[in-house]
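**Student:** A structural model of the following input is requested.
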Amino acid sequence: MEMKKVNAGALGLLGSIMLLGVLCFALYATFASVHYRWNWQSLWEYRMQFLHGWLTTLIISGGAMFVSIILGFALMLGCRSILQPVRFFCTGTVEIVRGSPLLVQLLIGYYVIATAVGVSDPTLVGTLLLGLFEAAYLAEIFRGAVESIGRSQWEASKAVGFDKAQTYRFVIIPQAVRRALPGTTGELVSLIKSSSLLSVIGIEELVQKVRVMNSASYTALEGYLPLAIAYLVVTLPLSWTARRLEQKFTYET
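**Tutor:** Presented below is the predicted three-dimensional model:
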């Protein structure tokens with residue numbers, strides 16, 4: 001059974017790669033039919049810039065993922081706190097961050113708040129702001145997963161003498177992890193794609209590098225096909241890993 005699940009996940013990943021290949025070929029053939037002149041040679045000269053932008057995106061996304069998971073879990077606990085001021089603060093933070101555009105948060109966070117406190121590193125600020133933005137969504141996913149656990153689980157934990165921290169650690173979180181994984185994976189994939197907005201605060205991530213490459217090489221579309229592939233190289237394995245974790249945490253309750 002376990003081998004079948006692994007094979008199913010591998011086949012899904014392979015199917016996604018094959019579909020991407022078909023789409024790229026169809027796009028290429030479509031523009032060939034209208035006599036679009038592909039200029040890959042000029043684009044090749046800027047390959048190191050492309051690689052630099054891709055690595056920048058990976059580093060920022062990885063840091064933002066770490067920040068978002070930690071902050072998301074903390075906000076989830078805060079939203080469930082018995083202390084009213086803590087609960088109001090965390091709930092208000094989640095609602096404000098989720099209710100306003102990321103672009104606005106980046107502009108205000110970098111040019112107003114970061115400037116006021118004397119932080120001028122756009123990479124650091126961008127990573128923290130992107131992490132905070134996704135943390136607000138993850139907090140709601142985590143909260144929903146935790147609150148979906150039956151009340152009997154909490155009562156059984158008290159019956160065996162667990163305090164609240166032990167109940168979360170040994171009973172609630174192991175069950176909530178699997179329920180939160182699909183939504184968490186979706187948000188982490190969204191985080192990687194949302195990193196393209198960081199160019200507004202001066203970060204030359206992948207999308208911005210592709211724009212510069214296209215402008216410098218006088219091309220229109222050549223940079224965007226590798227751009228799509230570069231993102232999928234990261235997001236497809238992330239989705240596959242999440243499915244493997246879901247299978248690992250599958251058990252009867």
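**Student:** Show me where the stretch 101-250 of the chain has its helices.
**Tutor:** With DSSP state H, counting those that start in this stretch as the criterion, the stretch 101-250 of the chain has helices at 102-108, 115-117, 122-147, 151-159, 164-167, 173-194, 206-217, 224-248.
**Student:** now, of these, which is deepest in the fold?
**Tutor:** Among those, the stretch with the highest mean neighbour count (mean count of other Cβ atoms under 10 Å) is helix 122-147, at a mean of 21. For glycine as for every other residue, the C-beta is placed from the backbone atoms N, C-alpha and C.
**Student:** Quick check: mean pLDDT of it?
**Tutor:** Mean pLDDT, helix 122-147: 94.
**Student:** Show me what it is packed up against.
**Tutor:** The criterion is 3 or more Cβ pairs under 8 Å, 6 or more residues apart in numbering; DSSP states H and E, and the helices and strands that helix 122-147 contacts are helix 47-79, helix 84-99, helix 102-108, helix 173-194.
**Student:** angle of that helix against helix 47-79?
**Tutor:** Here helix 122-147 runs at an angle of 40 degrees relative to helix 47-79 (axes from the mean of the first three to the mean of the last three Cα atoms, to 10 degrees).
**Student:** ok and helix 122-147 relative to helix 84-99, angle-wise?
**Tutor:** Following the same axes, to 10 degrees, one obtains 110 degrees for the angle between helix 122-147 and helix 84-99.
**Student:** Could you find the closest non-adjacent residue to the residue nearest the centre of the chain?
**Tutor:** With the centre of the chain defined as its mean C-alpha position, the nearest residue by Cα atoms, centre = their mean is residue 188, 2.0 Å away. Nearest in space to residue 188, with sequence neighbours left out and distances taken as Cβ to Cβ, 6 or more residues apart in numbering, is residue 65 at 5.6 Å.
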